[in-house]
Structures are given as C-alpha cells and as structure tokens.
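In: Structure, please.
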Amino acid sequence: MYLYHFAMKKIPFGHTPDTELFYQTKTHVDALNVLLFSINSGEAFCKIIGEVGTGKTMLCRILIRKLEKQRKLAYIPNPNLSVKSLHYALAKELGLRIKSDSRDDQISQSIQKKLITLNKKHGPVVLVIDEAQAMSDETLEALRLFTNIETEQQKLLQIVLFAQPELDTKLSKNNLRQLNQRISFSYRLKRLTINQVYCYVKHRLTRVNLASTPNFNLLGATLLHYFSKGTPRIINTICHKALLLGYAKDQKAITLVNLVKASIDTESVDRFLIRHFKWFVGLVLMVMSGSVFAYWGVS
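Out: Just a heads-up that it's a prediction; the model follows:
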C-alpha cells in the first residue's frame with residue numbers, strides 16, 4: 001500500500017528473511033564467523049542460539065548462500081520429526097529415493113554410501129537444521145549417530161544447529177551428554193543496541209528506496225529500542241505499521257507518534273513497557289536536559 005508513496009521497490013520490514021536486506025551487526029557477523037570457522041575446521045557439530053526474532057533464520061540463509069557453491073548442503077527447516085522421518089528427510093535432501101517400507105538400517109546404509117560419493121566430489125556434506133529446539137531427545141540422539149559416519153581423515157557429515165535457548169536446556173540432560181560434548185563451537189545471538197537499531201532501520205530503508213529515504217532519527221531509534229528490546233522481528237513489525245500510518249497521513253517520515261501508535265498496536269510488545277512508557281519519556285527528557293545544561297556549562 002505504501003510502496004509508491006515512499007518510492008520503494010519492495011517492503012523493507014517484512015517477516016520473510018530477505019538476504020538482500022541483511023544488515024551486518026557485530027553479533028551476526030561474529031556468529032557467521034564462528035560457523036564458517038567450525039565448518040572449515042571439519043568439526044562435527046556447531047550451533048547458534050538466539051531468542052525468538054533475533055535473526056537466526058536470516059543468518060541460516062546467509063550461511064547457505066555462502067556455502068552453496070562450495071559444498072553439498074542439506075537443509076531441514078522443520079525438525080519436529082521422528083527418527084525415521086529424519087532419515088527420510090536427510091535422504092531426500094541428498095537426492096536419494098527411498099521406498100516407504102524400507103527399514104531404518106537400509107536407509108542408513110543408503111545415506112552412508114551417498115555421503116561417501118559426495119565426499120569425493122565436494123567434501124563433507126553440511127546439514128543445516130533450523131528450529132532445532134523442536135527435536136525430540138530420540139531424534140537428537142539419531143542426529144549424533146549420523147556423525148559417526150566418517151573416513152580416517154574427516155567426517156562425512158557436518159551439522160549446524162540453529163535454535164532457541166530451549167535447546168541448551170535439552171542438551172544439559174544426562175542422556176544427551178554425548179551430543180553436547182561433540183558441539184565444539186557455539187554462539188549466542190545478542191539483541192541490538194540503540195545505535196544498531198538506528199543503523200539497521202536506515203540500512204533497510206536505503207536498500208529499498210528508489211528516491212529519498214524516509215526521515216528516521218536517533219530519538220526514533222531510542223523509542224524503537226525501548227519497545228522492541230532490540231529484537232529485529234519486533235522492530236520490523238513496528239516499522240512496517242509506522243510506515244502504514246505515515247502513508248495514511250501523507251507523511252514522508254517515520255515519526256515518533258507513529259512509532260508509539262504502532263508499538264501499542266503490536267501484541268509482541270511487552271505490555272509492561274507500554275504501561276510505563278511515560279516514565280521512559282521522562283527519563284529521556286531528563287537525559288536530554290542534562291546534555292543541554294552540560295553543553296552550555298562547557299560553553
């Protein structure tokens with residue numbers, strides 16, 4: 001609705017991960033470096049942990065784009081599977097045709113043969129699993145057994161897990177200690193700072209705009225950080241709604257008023273923050289007043 005109004009080629013704050021709009025925050029760059037180092041070192045397991053909406057799936061897509069021309073990749077976006085379903089999913093990703101009545105050991109043998117063949121051409125296969133916290137203990141253990149497939153020099157399958165913090169809780173169980181010990185590299189995504197929120201929003205607006213970028217300032221970023229707690233997905237939701245309000249009012253900026261209205265209208269925003277918003281405004285005004293007095297005092 002607002003693309004023509006703001007001269008945009010596409011929606012800048014959608015919920016579908018768009019790698020063209022990826023903003024390289026420090027936490028995401030560090031996480032990507034950990035993944036690439038782990039994979040290039042030949043490690044069996046590595047994992048990225050992050051709260052809901054912190055950009056795990058976006059990072060997953062970026063990793064796939066970086067590796068797809070170098071390695072054979074297998075991707076499982078929905079790992080809420082039984083052990084047998086996991087076998088079928090991996091076999092399908094490897095290009096195998098498996099009969100529905102095949103036994104688990106037959107599927108495992110087919111997968112092993114395929115991994116050996118692929119290893120000769122591309123090196124170890126990289127299996128990327130998103131939302132790994134949804135996997136049952138039995139499926140996680142089956143995943144560990146996959147990494148037993150190896151040559152004398154290297155693993156034939158390397159596994160990258162993207163998950164919410166609940167995965168760490170699962171891995172702390174005694175029955176999963178073998179899997180936990182095999183995870184050599186792990187990284188926890190951090191939420192964005194106020195300055196990062198500002199740069200994140202400006203980056204996305206600049207990437208999609210065909211003309212002048214809608215006005216957005218550091219005070220707006222401070223407000224946005226307060227309501228979103230620095231979570232990219234919530235930032236996207238609030239900014240999308242703020243742009244809709246701006247379009248309806250024939251405005252060319254992301255205004256503070258529209259940010260507040262959009263935040264109040266967003267269910268994922270903590271109601272506690274909304275109820276205590278006036279205290280936040282008072283604190284900001286105090287800080288700004290202190291800055292002004294300090295400036296004139298120095299002058």
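In: ends of stretch 75-89, how far apart?
Out: This stretch, stretch 75-89, spans 9 Å end to end (Cα to Cα, to the nearest Å).
In: Give me the residues contacting it.
Out: With contact meaning Cβ atoms under 8 Å, 6 or more residues apart in numbering, stretch 75-89 is reached by 64, 90, 93, 98, 104, 107-108, 111, 127-132, 134-136, 138-139, 142-143. Placement of C-beta: from N, CA and C, glycine included.
In: Keep only those of those that are in strands.
Out: 127-129 (DSSP state E).
In: quick revisit: what about the contacts of stretch 75-89, which are in helices?
Out: 64, 90, 93, 104, 107-108, 111, 138-139, 142-143 (DSSP state H).
In: These into CSV, with extra columns for distance to residue 30?
Out: Putting these into CSV (distance: Cβ to Cβ, whole Å) gives the following:
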residue, distance to residue 30
64, 18
90, 29
93, 28
104, 39
107, 37
108, 36
111, 33
138, 33
139, 29
142, 30
143, 25
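In: from the contacts of stretch 75-89, which would you call buried?
Out: Among the contacts of stretch 75-89, those classed as buried by 16 or more other Cβ atoms under 10 Å are 64, 90, 93, 98, 107-108, 111, 127-132, 134-135, 139, 142-143.
In: Strands along the stretch 101-250 of the chain, start to end?
Out: 125-129, 157-163, 183-188 (DSSP state E, counting those that start in this stretch).
In: what's the domain layout of the protein?
Out: Split into domains by automatic domain parsing, the chain comes to 26-188, 192-286.
In: what would those look like in a markdown table with mean pLDDT and distance to residue 14?
Out: Below are the domains of the chain laid out as a markdown table (pLDDT from 0 to 100; distance: least, Cβ to Cβ, whole Å):
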| stretch | mean pLDDT | distance to residue 14 |
| --- | --- | --- |
| domain 26-188 | 91 | 11 |
| domain 192-286 | 89 | 7 |
